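**Q** Output the structure for:
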Amino acid sequence: MASARDLRRRIKSIKSTQQITKAMKMVAAAKLRRAQERVVAARPFAGKIKEVLARLTASSSGVSHPLLEVREPKNICYVLISADRGLCGGYNANILRLNYNLIYNKPGSLVTIGRKGRDFFRRRGYDIKSEFVGLGEDISFGVAKEIGQTLVDYYVKGIFDEVYLVYTEFKSAMTQNPVSMKLLPVEPPTEGGGTQIDYIYEPDPETMLSELLPKYIDTTIYRALLEAKASEQGARMTAMGSATDNASEMIDRLTLSLNRARQAAITKEISEIVGGANALD
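**A** Take a look at the predicted model:
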């Protein structure tokens, strides 16, 4: 059995760790609240631009655009959105596992967003075309536009034939789902189109597609970034809450062991005193 001094030292160390994890949980909860509000605000806009794109493509058949061009998928790109930091439970491990399985089944190159994904695949020698790290907590639409322009340039120049977006979809603080979706070529959504209507366009459909498709790409990336950030904070809050609870349980067990050690020491001292007194008699 460990000595009372060792037990006190361990209890003190765990209490210090518990204070850190409790503070991190509170910080993550505050960040999660802001991130969740931004996700909820971004979803209607992303859904509406998807609906407009569906109606436009349904009512203007025969219109072509470079971002709609379907080619044989010889070169595939995976855009991986991970966290810059750890201590968020299985968040990074789950999204890395999904991307690893995808790239194992369909080999390709990577565009990484976040340090964890970049470091994981760099250590394994994968081809990383571009990397974006240190985006911070407040993701701006300008960052999404920069990433979107990079991906569009790769696709238009023929460097990639397909681009997949791999991110974590936020459900709740307890639930986050790693998902992947094809970003390029743009597959015109079918839902929301309704009955085909002969619209009159001003300007022409080609011009509207030229404006709408890049915005659809940027909006989709922006929403994925917000979903990933909310998922990260939710996973971190849950992980730090579990760590705090585990620390409390460890402190209780060690305190019980400390009390037993003290009781054993006192009993031993009493026995020695009684034994010495009996010897004097």
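**Q** contacts and neighbour counts: CA atoms only from here.
**A** Will do.
**Q** Enumerate every residue touching the closest residue to residue 69 other than its chain neighbours.
**A** Using CA to CA, 6 or more residues apart in numbering and skipping residues adjacent in sequence, the residue nearest residue 69 is residue 185, 6.2 Å away. By CA atoms under 8 Å, 6 or more residues apart in numbering, the residues touching residue 185 are 67-70, 161-163.
**Q** Would you mind measuring from the residue nearest to residue 172 when sequence neighbours are not counted to residue 91?
**A** Take residue 172 and drop its neighbours on the chain: the residue closest to it by CA to CA, 6+ apart is residue 234, 7.1 Å away. Residue 234 sits 9 Å away from residue 91, going by CA to CA, to the nearest Å.
**Q** These two: who's more crowded?
**A** Taking other CA atoms under 10 Å, residue 234 and residue 91 do not tie; residue 234 has more neighbours (29 against 24).
**Q** In this structure that one contacts residue 30, no?
**A** No - the criterion here is CA atoms under 8 Å, and residue 234 misses it with residue 30 at 10.1 Å.
**Q** Now do the shared contacts for those two.
**A** With CA under 8 Å, 6+ apart, residue 234 and residue 30 have no common neighbours.
**Q** Surely residue 115 touches residue 136?
**A** No - the criterion here is CA under 8 Å, and residue 115 misses it with residue 136 at 11.7 Å.
**Q** The two: who's more crowded?
**A** A count of neighbours by other CA under 10 Å puts residue 115 above the other of residue 115 and residue 136, at 18 against 11.
**Q** Leaving aside the residues adjacent along the chain, what's closest to the more buried one?
**A** residue 84 (4.5 Å).
**Q** residue contacts, the one you found?
**A** By CA under 8 Å, 6+ apart, the neighbours of residue 84 are 114-116, 133-134.
**Q** Next, format those residues as TSV and append secondary structure.
**A** Supplementary listing: the contacts of residue 84 in TSV, determined by DSSP: H, G, I helix; E, B strand; the rest coil:
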residue	secondary structure
114	coil
115	helix
116	helix
133	coil
134	coil
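**Q** Quick check: the farthest pair among those?
**A** 116 and 134 (11.0 Å; CA to CA).
**Q** Looking at those two, which is more packed in?
**A** residue 116 (20 against 11).
**Q** My guess is the more buried one contacts residue 91. True?
**A** No - the criterion here is CA under 8 Å, and residue 116 misses it with residue 91 at 10.5 Å.
**Q** Quick one: list the elements packing against the helix or strand harbouring residue 223.
**A** Assigned by DSSP states H and E, residue 223 belongs to helix 205-280. Using 3 or more CA pairs under 8 Å, 6 or more residues apart in numbering; DSSP states H and E as the contact test, the elements touching helix 205-280 are helix 4-59, helix 91-105, helix 141-156, strand 162-170, strand 176-184.
**Q** deepest of those, which one?
**A** strand 162-170 (a mean of 24; mean count of other CA atoms under 10 Å).
**Q** and stretch 262-278, which residues are buried?
**A** Using 16 or more other CA atoms under 10 Å as the test for burial, stretch 262-278 gives no buried residues.
**Q** which intervals of the protein have sub-threshold pLDDT?
**A** Applying pLDDT under 70 to the chain picks out residues 1, 58-62, 189-201, 277, 280-281.
**Q** let's see 50
**A** Residues of the chain meeting the criterion pLDDT under 50: 192-194.
**Q** Residue 74 is in contact with residue 161, isn't it?
**A** Yes - using CA under 8 Å, residue 74 makes contact with residue 161 at a distance of 6.4 Å.
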